[in-house]
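Student: Here is my input, please return the structure:
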Amino acid sequence: MKQISIVINGEQKVAENRDYTFKEIIILAFGSYDDSKHSYTVTMTKKNDEGEKHSESYSFGDTIKLKEGVRLNIDSTNRS
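Tutor: Purely as a prediction, here's the structure:
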């Protein structure tokens, strides 16, 4: 499968060019997934065909298609 370059929380990462589950994106970012202690938010910024940037937010159960150069911001908050 083709490898692509993406940015997660400002850090360059290499990933496969495919669809990812929400959980797989969290693991790619943090190395693990623990929804018993953390709540996660994923926002992806990408450019459309006209070069304009737009953002999309994702939640558990969503599928995320990664493409070359996308930027993901992933927040993890402790559940209290």
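
Student: from here on, contacts and neighbour counts on C-alpha atoms
Tutor: Will do.

Student: show me where the protein has strands.
Tutor: Along the chain, counting by DSSP state E, strands occupy 3-8, 11-16, 19-21, 38-47, 53-58, 63-65, 71-78.

Student: now these as TSV including distance to Ser32 and mean neighbour count?
Tutor: Written out in TSV, the entries for the strands of the chain read as follows (distance: least, CA to CA, whole Å; neighbours: other CA atoms under 10 Å):
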stretch	distance to Ser32	mean neighbour count
strand 3-8	15	17
strand 11-16	16	14
strand 19-21	14	15
strand 38-47	11	16
strand 53-58	18	12
strand 63-65	17	15
strand 71-78	12	16
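
Student: would JSON lines of those with mean pLDDT be doable?
Tutor: As requested, these are arranged in JSON lines below (pLDDT from 0 to 100):
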{"stretch": "strand 3-8", "mean pLDDT": "95"}
{"stretch": "strand 11-16", "mean pLDDT": "95"}
{"stretch": "strand 19-21", "mean pLDDT": "96"}
{"stretch": "strand 38-47", "mean pLDDT": "88"}
{"stretch": "strand 53-58", "mean pLDDT": "90"}
{"stretch": "strand 63-65", "mean pLDDT": "94"}
{"stretch": "strand 71-78", "mean pLDDT": "91"}
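
Student: Turn those into CSV, columns for distance to Gly31.
Tutor: Conversion of the strands of the chain to CSV gives the following (distance: least, CA to CA, whole Å):
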stretch, distance to Gly31
strand 3-8, 12
strand 11-16, 12
strand 19-21, 14
strand 38-47, 13
strand 53-58, 19
strand 63-65, 17
strand 71-78, 12
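
Student: For Thr77, give me its contacts.
Tutor: His38, Ser39, Tyr40 (CA atoms under 8 Å, 6 or more residues apart in numbering).

Student: Distance of it relative to Val42?
Tutor: Thr77 sits 12 Å away from Val42 when distances are taken as CA to CA, to the nearest Å.
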